[in-house]
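K.L.:
Sequence and computational prediction follow.
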Amino acid sequence: MKKIVESISSIGVIPSDKEDIILQKRFLIYQALLMSAGGMIWGVSAFLLNRGWQSSIPFGYVIISALNLLFFHLTKNFPVVKTVQTAISLLLPFIFQWVLGGFVASGAVMLWALLSLGSSLTYQSQRTIILWLILYLLLTAVSGIFDKQFFEWIKPYDALEYSVMAMVLNIVAISTILLWLLNFMVQGKNEAFKKLALTQSQLAQSEKMATLGTLAAGVAHELNNPAAATRRASHQLRDVLTGMEQVREKLLSLKLKDADQDLMITLAKQAAEVALGNNNANSLQRSDAESEVEEWLDENGIDNGWELAPPLVAMRIDKNQLSEILMVHDKEHFGLIIALATRLCTAYSLLREINEASGRISEIVVALKNYSYLGKAPVQEVNIHEGIDNTLVILRSKLKTGIDVYRHYGDDVPCIHAYGSELNQVWTNILDNAIDAMKEKGEITIRTKKENSCIAIEFEDNGPGIPSDIVSRIFDPFFTTKEPGKGTGLGLSTSFGIITEKHNGKISVESKPGCTRFMIKLPVNHPDQNQVSK
């Protein structure tokens, strides 16, 4: 089987191809094979579920992909093949969703189109990727606008009972395939860099070879965090969806009034809004509100108040609103409707986390692609607070073990012109080191403020500290105090280069037992601000 796959993956390769082009071609072929496997599964499933003519679309994808690869084998015309493969991978999932009856009935099968966008990052130009992205957004808008019409056209009432499971399977399958493809791309890049090091070893300086090793190790390390976050959130989502199904079955056994139905719709909208933005309340205010809601639920005989209170507060529902609602609803109906809404709120929050984690994976791949053009990547207008917050989301699974994070952001801190993805790598390295040093228990404090034409960022932890005799060496390449196999000694060295060389900033560290503080200063206006990409 391995020989067969290797043979298929080489059908479009010609002797004059460079390593990067070979990797792109193989990546496209693996994408076509994996999505064709998904097409076969969807086609058979649709046929068995009495969706005979609809099943022709996933089967059609398999046939077109096979013909496209055959054309590739005969002509070696990579530009045409990649355009065709991207087009069918983007368009057919949407069409399949429409003819199945919309988002719910199909389990949001249009999510498969994300594989087309993610894969195109490796073998399409930046301008072409933007065009495909615009088309994806337009098709998504059409799906949303006409979703009701699609449902009324097909009337797939029998699909509702398995639509949630279909959506979960779609998310799991797409996440798995995307991570596998990205892993293949990273491994291919690493092999390409090794070959480059061998062929240019007598011409290139040893520092450049060290940079290649730094890149490979840094990417491998950073991919693990969002991948783990995606996996964890998907597991939690499965449990939440199971709970939703149990509550839904109880509601179906009751005779709900129109007022109950209206309440369910209203709470569902509020739950969906939670995923669109952060709750501005601070931790203390949120904790007080949750305690009040939990106490009200217990007093009124609503079970599991401790579990329902946090999502209710996230939905901006307080005890007064709950009292008003209870006055016009049966208590049993009220309890089940509230339970369903809170689980829906949790599901939306987990979906947002999966989206943010998968977005970071794409960002890492783009950074890897741009590395060969060091210094030419676009300077962006960057919000430092958003970058730090996103990094904390990715590291949430490690922070939940007993580490509290306190953020003291200055109100006057402006956006700066910088390389956004590289700065996120700096925050990740510093925070990850602090978490490891505190051994899953302690506090991290983050401060930002504006100082003249610069902004100052501080990361402070109350861990054991760095011994004074090695503080001056922590930014040296390959220097690490971790056990063998747990650290490469490249994270802080890379961070130092990003701050000082790419941003003309400063980074320093002070440490003593109970207080380690990393201090960073970045200019608001980057020297290359004329290249700003907004």
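P.N.:
Thanks, I have the structure now. Note that the coordinates shown come from a computational prediction; the quantities given were computed from them, not determined experimentally. Numbering: from 1, shown residues only.
K.L.:
what's next to stretch 512-527, contact-wise?
P.N.:
If you take CB atoms under 8 Å, 6 or more residues apart in numbering as the criterion, stretch 512-527 is touched by 379, 384, 414, 416-418, 423, 426, 430, 434, 437, 450-451, 453-466, 499, 503-511, 532. From N, CA and C alone the C-beta is placed, and that goes for glycine too.
K.L.:
again with stretch 28-43
P.N.:
5, 8-9, 11-12, 55-59, 61-62, 65-66, 68-69, 72, 81-82, 85, 89, 96, 109, 112, 115-116, 119, 123, 173, 177, 180-181, 184.
K.L.:
try it again with 6 Å
P.N.:
9, 55, 58-59, 61-62, 65, 82, 85, 89, 119, 123, 177 (CB atoms under 6 Å, 6 or more residues apart in numbering).
K.L.:
can I see the domain layout of this protein?
P.N.:
2-204, 375-533 (automatic domain parsing).
K.L.:
so what does the strand or helix carrying V62 touch, helix or strand wise?
P.N.:
Using DSSP states H and E, V62 sits in helix 56-75. Counting by 3 or more CB pairs under 6 Å, 6 or more residues apart in numbering; DSSP states H and E, the packing neighbours recorded for helix 56-75 are helix 19-48, helix 78-100.
K.L.:
Report the mean per-residue pLDDT for the helix or strand that the last one is followed by.
P.N.:
Remark: after helix 78-100, the chain's next helix or strand is helix 103-106, criterion DSSP H and E. Confidence over helix 103-106, taken as the mean pLDDT, stands at 85.
K.L.:
residue ranges for the helices of the stretch 151-300 of the chain, please.
P.N.:
160-199, 206-252, 258-274, 283-299 (DSSP state H, counting those that start in this stretch).
K.L.:
What is the end-to-end distance of stretch 116-129?
P.N.:
Terminal residues of stretch 116-129 are spaced 10 Å apart (CA to CA, to the nearest Å).
K.L.:
Just the mean pLDDT for it, thanks.
P.N.:
Rounded mean pLDDT across stretch 116-129 is 74.
K.L.:
Please work out how many residues are found near E510.
P.N.:
Look at E510: counted by other CB atoms under 10 Å, it has 14 neighbours.
K.L.:
An error on my part: the question was meant for I384.
P.N.:
I384: 22 neighbours (other CB under 10 Å).
K.L.:
same deal with the one 5 residues further on?
P.N.:
Around D389 sit 16 other residues, with neighbours defined as other CB under 10 Å.
K.L.:
any idea how far it is from N424?
P.N.:
Distance, D389 to N424, by CB to CB, to the nearest Å: 11 Å.
K.L.:
Quick check: S119 is in a helix.
P.N.:
Yes: counting by DSSP: H, G, I helix; E, B strand; the rest coil, S119 falls inside a helix.
K.L.:
Now for it: which residues touch it?
P.N.:
Q31.
K.L.:
Go again with 10 Å.
P.N.:
Residues in contact with S119 (CB atoms under 10 Å, 6 or more residues apart in numbering) are 24, 27-28, 30-32, 34-35, 82, 85-86, 89, 177-178, 181-182, 185.
K.L.:
quick one on the thing from earlier: now the helix holding V62 against helix 19-48, angle please.
P.N.:
In terms of direction (axes from the mean of the first three to the mean of the last three CA atoms, to 10 degrees), helix 56-75 departs from helix 19-48 by 150 degrees.
K.L.:
one step back: want to try JSON lines for the helices of the stretch 151-300 of the chain, with mean neighbour count as columns?
P.N.:
Shown next, in JSON lines, are those (neighbours: other CB atoms under 10 Å):
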{"stretch": "helix 160-199", "mean neighbour count": "17"}
{"stretch": "helix 206-252", "mean neighbour count": "17"}
{"stretch": "helix 258-274", "mean neighbour count": "15"}
{"stretch": "helix 283-299", "mean neighbour count": "15"}
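K.L.:
how many neighbours does A87 have?
P.N.:
Close neighbours of A87, defined as other CB under 10 Å, add up to 15.
K.L.:
Start the count at 44 instead of 1 going forward.
P.N.:
Noted, 44 is the first residue going forward, which turns the last one into A130.
K.L.:
State the distance from it to I473.
P.N.:
From A130 to I473 the distance is 43 Å (CB to CB).
K.L.:
Can you tell me the element W470 falls in?
P.N.:
Secondary structure (DSSP H and E) places W470 in helix 463-481.
K.L.:
Quick check: can you name the pairing partners of the helix or strand following that helix and their directions?
P.N.:
Following helix 463-481 in sequence order, the next helix or strand is strand 485-494 (DSSP H and E). As defined by DSSP bridges, the strand partners of strand 485-494 come to strand 446-451 (parallel), strand 497-504 (antiparallel).
K.L.:
So for S296, which of those strands sits nearest?
P.N.:
Closest approach to S296 among those (CB to CB): strand 446-451, 43.4 Å.
K.L.:
chain center to that closest one, what's the gap?
P.N.:
On the basis of CA atoms, centre = their mean, to the nearest Å, strand 446-451 sits 22 Å off its chain's mean C-alpha point.
K.L.:
next one: stretch 507-515
P.N.:
Remark: stretch 507-515 is offset 35 Å from the chain centroid, using CA atoms, centre = their mean.
K.L.:
swap in stretch 139-149?
P.N.:
24 Å.
K.L.:
Report the separation between the two terminal residues of that stretch.
P.N.:
End-to-end span of stretch 139-149 (CA to CA): 8 Å.
K.L.:
so who does M358 touch?
P.N.:
Residues in contact with M358 (CB under 10 Å, 6+ apart) are 310, 312-317, 322, 364, 384-385, 387-388, 391.
K.L.:
for those residues, which one is nearest V207?
P.N.:
L387 (11.1 Å).
K.L.:
That closest one is in what secondary structure piece?
P.N.:
L387 belongs to helix 374-413, assigned by DSSP H and E.
K.L.:
sorry, back to before: from the contacts of stretch 555-570, keep the buried residues only.
P.N.:
Among those, those classed as buried by 16 or more other CB atoms under 10 Å are 422, 427, 459-461, 466, 469, 473, 477, 480, 497-500, 502-506, 508-509, 542, 546, 548, 550, 552, 554.
K.L.:
what pLDDT does S98 get?
P.N.:
pLDDT at S98 comes out at 89.
K.L.:
Which residue is the nearest non-sequential neighbour of it?
P.N.:
A89 (3.8 Å; CB to CB, 6 or more residues apart in numbering).
K.L.:
Number of residues surrounding the one you found?
P.N.:
23.
K.L.:
ok, now which ones touch it?
P.N.:
Going by CB under 10 Å, 6+ apart, A89 touches 95-102, 139, 142-143, 149, 152.
K.L.:
which one of the residues you listed sits closest to R403?
P.N.:
Of all the contacts of A89, R403 sits closest to V152, with 24.6 Å by CB to CB.
K.L.:
Do I have it right that that closest one meets R94?
P.N.:
No: contact criterion CB atoms under 10 Å: V152 and R94 do not qualify, at 11.6 Å.
K.L.:
residues bridging contact with those two, i.e. touching both?
P.N.:
In contact with both V152 and R94: W85, I100, F139, L143, using CB under 10 Å, 6+ apart.
K.L.:
what about S59, how many neighbours?
P.N.:
Look at S59: counted by other CB under 10 Å, it has 6 neighbours.
K.L.:
Can you tell me how far it is from L110?
P.N.:
S59 is 26 Å from L110, where distance means CB to CB.
K.L.:
For the contacts of stretch 71-86, work out which two are farthest apart.
P.N.:
Spanning the widest gap among the contacts of stretch 71-86 are S98 and Y166, at 29.5 Å by CB to CB.
K.L.:
Give me the angle between the helix holding W470 and strand 485-494.
P.N.:
Compare the direction of helix 463-481 with that of strand 485-494 by the same axes, to 10 degrees and you get 140 degrees.
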